[in-house]
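Trainee: turn this into a structure:
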Amino acid sequence: MSTERKYSVDDVRIGNVIRDARNNMQMTQEQLAEAVDVTNAFIGHIERGDRSLSLTTLVGIASELNISMDYLFSDEEMTPDKKVLNDFAQLIDGRTQKTKDAVLDIVRAALQHLD
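Mentor: Numbers count the residues shown, from 1 in each chain. Below you'll find the model as predicted:
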């Protein structure tokens, strides 16, 4: 049996996704660490891709940051348009429908003046 790994996990990419999502949510490393019951130093290691994490911790982080597992493990580079849409979805997730509608109205008004 070969010891060659057929599958690998890109810890650096996962760390970057987690950092971007945490920043989008305006959370500190300390806040995320507290929410998933790890140290903020560990969150820093994860975000730099220095450490792998358990499935339980990964699921907790993904849940706290509203990140899908598909997105976390995707091999595809996210296009700038998809990244903007993903960031926007994270920002409004969990908000009331009234807030979502208000944000959409603000974006529509801004786009009329920007384009």
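
Trainee: what does the top helix by length along the chain contact?
Mentor: As assigned by DSSP state H, the longest helix anywhere in the chain is helix 97-114. Applying CB atoms under 8 Å, 6 or more residues apart in numbering, the contact partners of helix 97-114 are 91-92, 95. Glycine gets a C-beta too; all of them are placed from N, C-alpha and C.

Trainee: repeat for stretch 24-41
Mentor: Contacts to stretch 24-41, defined as CB under 8 Å, 6+ apart, come from residues 22, 42-44, 47, 57, 60-61, 64-66, 87, 90-91.

Trainee: re the thing from before, pull the longest helix of the chain out as PDB, backbone CA atoms only.
Mentor: Provided in PDB are the C-alpha atoms of helix 97-114 (Å, rounded to 0.1, in the frame of the first residue of the first chain):
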ATOM      1  CA  GLN A  97     -36.300  40.500   6.500                       C
ATOM      2  CA  LYS A  98     -36.900  44.200   7.200                       C
ATOM      3  CA  THR A  99     -33.200  44.900   7.600                       C
ATOM      4  CA  LYS A 100     -32.400  42.800   4.500                       C
ATOM      5  CA  ASP A 101     -34.900  44.800   2.500                       C
ATOM      6  CA  ALA A 102     -33.500  48.100   3.800                       C
ATOM      7  CA  VAL A 103     -29.900  47.100   2.900                       C
ATOM      8  CA  LEU A 104     -31.000  46.100  -0.600                       C
ATOM      9  CA  ASP A 105     -32.700  49.500  -1.000                       C
ATOM     10  CA  ILE A 106     -29.500  51.200   0.100                       C
ATOM     11  CA  VAL A 107     -27.400  49.200  -2.300                       C
ATOM     12  CA  ARG A 108     -29.800  50.000  -5.200                       C
ATOM     13  CA  ALA A 109     -29.700  53.700  -4.400                       C
ATOM     14  CA  ALA A 110     -25.900  53.700  -4.200                       C
ATOM     15  CA  LEU A 111     -25.600  51.900  -7.500                       C
ATOM     16  CA  GLN A 112     -27.700  54.600  -9.200                       C
ATOM     17  CA  HIS A 113     -25.000  57.100  -8.200                       C
ATOM     18  CA  LEU A 114     -22.000  55.000  -8.800                       C
END
